[in-house]
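Colleague: okay, sequence plus prediction incoming.
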Amino acid sequence: TVDKASVASNELNLFYNEFGKNQKFYLSTRFKGPLNNFVLHDLRLLDAAQNEISGTVNFRHLFDRQGPGFYMNGNFDRIASDYTHLVAIMPRILGKSVPKLVEKFGRMDIVGKVELTKKDIATEIYLMSELGEAEANLSVKGFNKPDEATYTGTIDLDNFNVGAVAEVKTLGNATLHLEADGKGFRKESLNTLVKGDIKSLAFNGYRYSNISIDGNLKWPYYKGYINSNDPNLMMDFDGLIDMGKQHLNYDFHARVDYADLVRLRLVKKDTISVFKGDLALSATGNNLNNLAGTLQVKSLSYQNGRNSYYFEDFAVTSSFDRDRVRTITIDSKDLIEGRVSGIYDTKQLPKLIENALGSLYTNYRPHKVKPGQFLDFDLTIYNKLVEIVAPNVVVGANTTLRGHINAERGEFSLAFNSPNISILDNYFNGISIDVNNKNPLYNAYISMDSIRVKNYRVTDFNLMNVTHNDTLYLRSEFKGGREGKDFYNLNL
């Protein structure tokens, strides 16, 4: 029996050279058993920094140079320390077995049972740390090899900062219960079946709640089921998400009953942004330039600060041919139908379009863009799409937009046709716009059957322009007045 003894680590090292130098411990315990299999009953070990280990601990094979290796089985009333002091206060053979991950927890208080060898660990513990509270009932085999370690058990977290552990800035505190059965602690080797309930999880500035998961997490993909009953995200998800940096894969079905994108911090430019719909995505690619696959949407509704919109079924398909020419096909009776094909960088599309329009003017200085880009499009536009983008504009049925852009050759052509367009109280009928920067007769030709504004009416409107030697020439002919008896012939 040792009662309130003061022990120096340098003295202990004369008998068992496994302690750090120049440390002083305060110890009380009842020692029972031989040196290769002894029990410390009612152990209380403290140091000058108020680190404490108390409980009953069984040690085996501490002094054996050969054999099965050391073994510890502890029933701890309290372990109060941090990673640095815990490793220092324990014999090196034990300290080396404490996972480096524990360092992120800061100051800890631990209560429970720990069974430890050089390779394996089993725990039934409650932990309170600077990151939060946790309970772990886990069995880990081969934890000294993080890529090959296998584990099974349950983890309960209470307001625990998982972002600090995972080193992900957008992740915050979590309260959850998870059952895990898998292999690997590094993300590259992670392959685990995970099932449980997430009571709360802070992500990207929003605290999600009431989420259930059941699937396989094998970095970089998750395959399985997610159900969210968060008040701002009512969703069922079933499928595969692959978040690899080299090549992403998506193959899932998601039914979103309600998603408030503003409250979820996904939309910041509007005060109202509510989404509902049924989505199925099957695609591969790691960015918009190489994404290929099909998105199918059913019964989609969207509400913003201006209005509410509802759309029937639609599909978007992206594919590439042997020459890496991409074709995007859109099939929607509410929004837009048609195709867009070509070779282009999606980030440079605004510059390609601006260069195409600017090519109609002699003194325009084009943006520098990547070589070999071109774009062909043939689209039928429906009013619901226009209504979202420009609420005061209404376009008639069978409004079409066709065109061609070749950045390397400097070619731009466009054909726009619409039976009618209204902008507030102004009405335009029989609209046809033809643009071609290589046409020797004109660069742009606009014709309309009629124009009706508040106090005037125009019929048989025609306008033509051409650029020649740094000069823009315009010619227009039309009739005006209620009876169409005012004739205009303008040359500018």
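Modeller: Nice, thanks for sending it over.
Colleague: just the pLDDT at residue 314, thanks.
Modeller: As predicted, residue 314 sits at a pLDDT of 89.
Colleague: mind checking how far it is from residue 162?
Modeller: 38 Å (CB to CB, to the nearest Å). Where you see a C-beta, it was placed from the backbone N, CA and C, and this is true even at glycine.
Colleague: number of nearby residues for residue 487?
Modeller: 11 (other CB atoms under 10 Å).
Colleague: hang on, isn't it packed against residue 479?
Modeller: Yes. With contact defined as CB atoms under 8 Å, residue 487 and residue 479 form a contacting pair (5.9 Å).
Colleague: let me know the secondary structure of residue 368.
Modeller: For residue 368, the assignment made with DSSP: H, G, I helix; E, B strand; the rest coil gives coil.
Colleague: let's have the chain start at 324 instead
Modeller: Done: numbering now begins at 324, and the last item shifts to residue 691.
Colleague: that one and residue 675, how far apart?
Modeller: 11 Å.
Colleague: more neighbours: which of these two?
Modeller: Using other CB under 10 Å, the more surrounded residue of residue 691 and residue 675 is residue 675, with 22 against 8.
Colleague: how about the more buried one, what does it touch?
Modeller: 667, 692, 696, 698, 728, 730 (CB atoms under 8 Å, 6 or more residues apart in numbering).
Colleague: what's the closest non-adjacent residue to the fourth one?
Modeller: Taking CB to CB, 6 or more residues apart in numbering, and ignoring the residues beside it in sequence, residue 698 has residue 665 as its nearest neighbour in space, at 4.0 Å.
Colleague: and that neighbour, what does it touch?
Modeller: Residue 665 touches 648, 649, 696, 697, 698, 699, 728, counting by CB under 8 Å, 6+ apart.
Colleague: try 7 Å
Modeller: 648, 649, 697, 698, 699 (CB atoms under 7 Å, 6 or more residues apart in numbering).
Colleague: how near is residue 549 to residue 502?
Modeller: Spatial separation of residue 549 from residue 502 under the definition CB to CB is 15 Å.
Colleague: no, scratch that, I was asking about residue 604
Modeller: Taken as CB to CB, the span from residue 604 to residue 502 is 28 Å.
Colleague: cool, residue 710 as well?
Modeller: Distance from residue 710 to residue 502, by CB to CB: 48 Å.
Colleague: next, the buried residues of stretch 367-374.
Modeller: For stretch 367-374, burial by neighbour count (16 or more other CB atoms under 10 Å) applies to 367, 368, 369, 370, 374.
Colleague: ok, the second one - contacts?
Modeller: When the contact criterion is CB under 7 Å, 6+ apart, the partners of residue 368 are 348, 350, 375, 376.
Colleague: restricted to buried residues, select these in ChimeraX.
Modeller: Restricted to buried positions by 16+ other CB under 10 Å, the ChimeraX selection for the contacts of residue 368 reads:
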select :348,350,375,376
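Colleague: switch the contacts of residue 675 over to CSV; also include distance to residue 463, pLDDT and neighbour count.
Modeller: Formatted as CSV, those follow (distance: CB to CB, whole Å; pLDDT from 0 to 100; neighbours: other CB atoms under 10 Å):
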residue, distance to residue 463, pLDDT, neighbour count
667, 50, 94, 21
692, 54, 93, 17
696, 53, 95, 19
698, 55, 94, 20
728, 59, 96, 24
730, 57, 93, 25
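Colleague: what does residue 659 show for phi and psi?
Modeller: phi -160, psi 150 (degrees, to the nearest 10).
Colleague: tally up the residues packed near it, please.
Modeller: By other CB under 10 Å, 19 other residues sit near residue 659.
Colleague: bridged to it, which residues?
Modeller: Residue 659 has the following beta-bridge partners by DSSP bridges: residue 704.
Colleague: return, as residue ranges, the portions of the stretch 674-815 of the chain with sub-threshold pLDDT.
Modeller: Where the stretch 674-815 of the chain drops to pLDDT under 70, the residues are 793.
Colleague: who has more neighbours out of residue 549 and residue 502?
Modeller: Neighbours were counted for residue 549 and for residue 502 using other CB under 10 Å; residue 549 has more, 19 against 15.
Colleague: got the contact list for that one?
Modeller: Residue 549 sits next to 534, 536, 560 when contact means CB under 7 Å, 6+ apart.
Colleague: mind listing what's buried in the host helix or strand of it?
Modeller: In the assignment (DSSP states H and E), residue 549 maps to strand 544-553. Using 16+ other CB under 10 Å as the test for burial, strand 544-553 gives 544, 545, 546, 547, 549, 551, 553.
Colleague: pull up the pairing partners for it, direction included.
Modeller: When sheet partners are counted by DSSP bridges, strand 544-553 sits next to strand 529-541 (antiparallel), strand 556-565 (antiparallel).
Colleague: contacting residues around the last one?
Modeller: Looking back up the chat, that one is strand 556-565. Counting contacts by CB under 7 Å, 6+ apart, the residues outside strand 556-565 that touch it are 531, 543-546, 548-551, 571-582, 587.
Colleague: if you set the cut-off to 8 Å instead, what comes out?
Modeller: The set of residues external to strand 556-565 that reach it, using CB under 8 Å, 6+ apart, is 531, 543-551, 571-583, 587.
Colleague: buried subset of the contacts of residue 549, written for ChimeraX?
Modeller: A single ChimeraX command is used to select the members of the contacts of residue 549 judged buried by 16+ other CB under 10 Å:
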select :534,536,560
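Colleague: dump the contacts of residue 549 to CSV, plus pLDDT and distance to residue 797.
Modeller: Listed next are these as CSV, based on pLDDT from 0 to 100; distance: CB to CB, whole Å:
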residue, pLDDT, distance to residue 797
534, 97, 62
536, 96, 64
560, 95, 56
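Colleague: would you mind giving the contacts of residue 549 as JSON lines with distance to residue 430 added?
Modeller: As requested, the contacts of residue 549 are exported to JSON lines (distance: CB to CB, whole Å):
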{"residue": "534", "distance to residue 430": "30"}
{"residue": "536", "distance to residue 430": "31"}
{"residue": "560", "distance to residue 430": "38"}
